[in-house]
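> Return a 3D structure for these sequence lines:
(chains A and B)
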Amino acid sequence: MIDVKLLQKNFDETAAALMRKKVDASVINELKIANETLKTAKLAYETLQAKQNELSRLFGQYKKEGKSTDELKIEVDANKATLNDLLDTQRSAEEALDAIIMRVPNIPDADVPDGEDENDNIELRKVLTPPTFTFTPKEHWELAEQNGWIDFERGVKLAKSRFSVVGGMGARLERALINFMLDFNRERGFEEYSVPMLVNRRALEGTGQLPKFEEDLFKVEEEELYLIPTAEVPLTNLFQDEIINGADLPIKMTGYTSCFRKEAGSGGRDVRGMIRQHQFHKVELVSITRADQSDAVFEEMVACASDLLAALGLPHRLVTLCTGDLGFGAARTVDLEVWLPGQNTYREISSVSNTRDFQARRAKIRYKEEGKNILAHTLNGSSLAVGRTMIAIMENFQQEDGTIVIPAVLQKYL
RNA sequence: GGACAGCUGGCCGAGUGGUCGAUGGCGCACGCCUGGAACGCGUGUGUAGGGCAACCUACCUAGAGUUCGAAUCUCUAGCUGUCCGCCA
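The predicted structure is shown next:
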């Protein structure tokens, strides 16, 4: 969540920054007004409450001294009704502000390029050269079925469309990739965690998936629990409502989880194959840092994901997202796009974001430095999406006969 | 799933209706002591919002209630513990 105080103090500048991220000017105005309304309501309530507290103290004193409390009681009772009204006013002002601010996205960093959509993203660099083929490379679904790695029909039988079953060597490769990625990340200083894949509402509000993106989440109705769309949610919220010793930062974490997304609104996109599934595996990186550390840690995380792809021999490129393509909570994002010869294009395989204090303010993640409590910075990134890595391996290392050469670094994990 | 017990500041723990934001201890910070340290002694030490100074408001798991007044009483929920049941 953005800093309302900043908006109040520095309205024009903050509003302009939000408008770069396609926030409507009217929403920003409503936000300002809602905040002012709340301040006024609070002041009115607290002033009267202070008086009421004083009268109550007197009441006790009078009783002790044996004085009559009749007059006091009349005044106190009268105040009480007003007080209740004022409290109601304050609460609805709070709710009104909350309803708006929880749906306002993060302010993009000043150096994030302006743009409408992914076409305006800016390529930073390419890593490794795409392979050349003496034959027409096949797409992954064809290779996956031919090798018996993925069974799309039976995934649908068990659940519904956009679910699949991985079997045989495919299943072993999947497990090998997960282990390889976790070990790789651990060597880079990211501590491994195994976390719940169902979380409560509070956690999802903390990282920004709720309340705005409820329709993207699978929910266990009777339990008020949601299946996580990414390990970013449990890993970041590990420190929800905590005050961390500044000397203990940065905290760098990695974890493997399944991820679940309804993919509402992705319509007919990527229906074929396993680019876009309701359930997929991902190894995630999450960092909690001091405000002055987040830029450096961001680069570490991007490097970690890129080097991981390079270690697997997968050509890819790094792209800075423009304002229009930036996610809800991100101040800046670098996407890693892996080369897919079958599709003859680069496709997203990782996304590394610095949310600065946006999530920390929602989740109350703070650190203590020189006796003061300061909102932490939180960062997250995939390293990597396992299914898409498998796709990339299939397409890049396919042979003319349809067999696939598995990267050497994975041999010891198989 | 059933029964009972409990949930207080970083931690332990006192507090059963009126200056209690909360005694005390541990921990931590600073100072004294010391060649240096331990010990000892002294001082300080929750979070958030508003004025941004004094001060005010809120918070003793959460929500609702009783009351002039609630950490203290009542109800509901959550969590933890113990026993029983169930499953492995």
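> Residue numbers of the stretch 101-250 of chain A in contact with RNA strand B?
A:I243 (Cβ under 7 Å from any atom of the strand). In this view, the C-beta of every residue, glycine as well, is placed from N, C-alpha and C.
> Check which strands are paired with the least confident helix or strand in chain A by mean pLDDT and give the direction for each one.
Each helix and strand of chain A was given a mean pLDDT (mean pLDDT, DSSP states H and E); the minimum falls on strand A:242-245 at a mean of 85. According to DSSP bridges, strand A:242-245 has the following sheet partners: strand A:365-369 (parallel).
> can you pull the buried residues of the partner strand?
By neighbour count on 16 or more other Cβ atoms under 10 Å, the buried set for strand A:365-369 is A:365-367, A:369.
> for the least confident helix or strand of chain A, which positions count as buried?
Here strand A:242-245 shows A:I244 as buried, counting by 16+ other Cβ under 10 Å.
> any idea which helix or strand comes after it?
Toward the C-terminus, strand A:242-245 is succeeded by strand A:251-260 as the next helix or strand (DSSP states H and E).
> And the strand or helix carrying A:A78, how far out from the chain middle?
Using DSSP H and E, A:A78 falls within helix A:70-101. Distance of helix A:70-101 from the chain centroid (Cα atoms, centre = their mean, to the nearest Å) equals 37 Å.
> buried residues in that helix?
Across helix A:70-101, burial judged by 16+ other Cβ under 10 Å covers A:72, A:76, A:79, A:83, A:86, A:89-90, A:93, A:96-97, A:100-101.
> Could you pull out the helices in chain A for me?
A:4-9, A:11-20, A:25-65, A:70-101, A:140-146, A:152-158, A:168-187, A:201-207, A:232-237, A:294-311, A:358-363, A:386-396 (DSSP state H).
> Distance to A:Q277 and mean pLDDT for those - can I get that in JSON lines?
Below are the helices of chain A laid out as JSON lines (distance: least, Cβ to Cβ, whole Å; pLDDT from 0 to 100):
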{"stretch": "helix A:4-9", "distance to A:Q277": "38", "mean pLDDT": "91"}
{"stretch": "helix A:11-20", "distance to A:Q277": "33", "mean pLDDT": "94"}
{"stretch": "helix A:25-65", "distance to A:Q277": "34", "mean pLDDT": "92"}
{"stretch": "helix A:70-101", "distance to A:Q277": "33", "mean pLDDT": "91"}
{"stretch": "helix A:140-146", "distance to A:Q277": "12", "mean pLDDT": "95"}
{"stretch": "helix A:152-158", "distance to A:Q277": "8", "mean pLDDT": "94"}
{"stretch": "helix A:168-187", "distance to A:Q277": "13", "mean pLDDT": "97"}
{"stretch": "helix A:201-207", "distance to A:Q277": "20", "mean pLDDT": "93"}
{"stretch": "helix A:232-237", "distance to A:Q277": "18", "mean pLDDT": "95"}
{"stretch": "helix A:294-311", "distance to A:Q277": "20", "mean pLDDT": "98"}
{"stretch": "helix A:358-363", "distance to A:Q277": "26", "mean pLDDT": "94"}
{"stretch": "helix A:386-396", "distance to A:Q277": "7", "mean pLDDT": "97"}
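> A:P407 against A:L312, yeah?
Yes: with contact defined as Cβ atoms under 8 Å, A:P407 reaches A:L312; the gap is 4.9 Å.
> Please say which of those two ends up with more neighbours.
More neighbours surround A:L312 than the other of A:P407 and A:L312, with 25 against 17 (other Cβ atoms under 10 Å).
> mind listing what whichever residue of the stretch 151-300 of chain A sits closest to RNA strand B touches?
Distances between the stretch 151-300 of chain A and RNA strand B by Cβ to the nearest atom of the strand are smallest at A:I243, namely 6.4 Å. Residues near A:I243 by Cβ atoms under 8 Å, 6 or more residues apart in numbering: A:366-368, A:373.
> so which of those residues also contact RNA strand B?
Subset of the contacts of A:I243 in contact with RNA strand B: A:366, A:368, A:373, counting by Cβ under 7 Å from any atom of the strand.
> Save those residues as CSV, and put in distance to A:V334 and pLDDT too.
Shown next, in CSV, are the ones next to RNA strand B among the contacts of A:I243 (distance: Cβ to Cβ, whole Å; pLDDT from 0 to 100):
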residue, distance to A:V334, pLDDT
A:R366, 26, 89
A:K368, 30, 84
A:N373, 30, 86
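> Identify, from these, the entry nearest to RNA strand B.
So of the ones next to RNA strand B among the contacts of A:I243, ranked by how close each gets to RNA strand B (Cβ to the nearest atom of the strand), first place is A:N373, at 3.8 Å.
> Excluding chain neighbours, what is closest to A:V220?
Closest residue in space to A:V220, ignoring its immediate chain neighbours: A:L198 at 6.5 Å, by Cβ to Cβ, 6 or more residues apart in numbering.
> Run a quick neighbour tally on that neighbour.
Burial of A:L198 is recorded as 15 neighbouring residues (other Cβ under 10 Å).
> For it, give me its contacts.
With contact taken as Cβ under 8 Å, 6+ apart, A:L198 is in contact with A:220, A:223, A:225-228.
> Ok, A:L227 next?
Counting by Cβ under 8 Å, 6+ apart, A:L227 touches A:197-198, A:217-220, A:260.
> rewinding a little: of the buried residues of strand A:365-369, closest to A:V233?
Checking those against A:V233 with Cβ to Cβ, the nearest one is A:I365 at 13.2 Å.
> Many thanks, have a good one.
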